[in-house]
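Undergrad: Sequence plus predicted model, see below.
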Amino acid sequence: ETITGLESLNTENVTNMSNMFSGCSKLTSLDVSKFNTVNVTNMSGMFYNCSKLSSLDVTNFNTEKVTNMSTMFSNCQTLTSLDVTKFNTANVTNMSLMFYNCSKLT
């Protein structure tokens with residue numbers, strides 16, 4: 001239901017976060033607010049099928065180098081809001097099904 005200690009995870013050199021939390025359908029909360037995503041190029045399926053997440057803070061994500069965001073939030077059926085206003089999608093070439101089945105997002 002929860003993963004603790006993520007704030008201590010050093011993601012400074014990570015380039016691929018695809019499917020990182022994919023299938024974590026019992027997670028109700030997740031703190032990724034401290035993730036350093038400056039070098040990440042692939043975020044596809046990162047939160048795919050996290051169907052019980054009620055909130056997710058991705059406001060500090062640096063997405064400048066990301067090229068793939070396909071299915072990133074697909075099947076996040078419980079999310080009601082998601083702030084992606086700071087996402088830089090200039091290099092993204094694949095956003096297919098990014099918000100598929102996120103029926104409660106407003």
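TA: That came in fine, so what should we check first?

Undergrad: rest of the way, CA atoms for contacts and neighbours
TA: Fine.

Undergrad: Report the spatially nearest residue to V58, omitting neighbours in sequence.
TA: Leaving aside its sequence neighbours, V58 sits nearest to S33 (Cα to Cα, 6 or more residues apart in numbering; 6.2 Å).

Undergrad: Please verify my assumption that that neighbour contacts T59.
TA: Yes. Here S33 reaches T59: they are 7.3 Å apart, a contact under Cα atoms under 8 Å.

Undergrad: ok, M72 to S8 distance?
TA: 23 Å (Cα to Cα, to the nearest Å).

Undergrad: whoops, E64 was the one
TA: Taking Cα to Cα as the measure, E64 and S8 are separated by 23 Å.

Undergrad: Between those two, point out the one with more neighbours.
TA: Relative neighbour count places E64 above the other of E64 and S8, with 17 against 9, counting by other Cα atoms under 10 Å.

Undergrad: okay, that one: pLDDT?
TA: You'll see E64 listed with a pLDDT of 98.

Undergrad: hmm, back to that, for the residue nearest to V58, give me its contacts.
TA: With contacts taken as Cα atoms under 8 Å, 6 or more residues apart in numbering, S33 has the following neighbours: 7, 57-61.

Undergrad: Contacts for stretch 71-89, please.
TA: Taking Cα under 8 Å, 6+ apart as the rule, stretch 71-89 contacts 43-64, 66-67, 95-106.

Undergrad: Can you check the distance spanned by it, start to finish?
TA: Distance between the boundary residues of stretch 71-89 (Cα to Cα) amounts to 15 Å.

Undergrad: coming back round to it: separate out the buried members of the contacts of stretch 71-89.
TA: Among the contacts of stretch 71-89, those buried by neighbour count (16 or more other Cα atoms under 10 Å) are 43-56, 58, 60-64, 66-67, 97-102.
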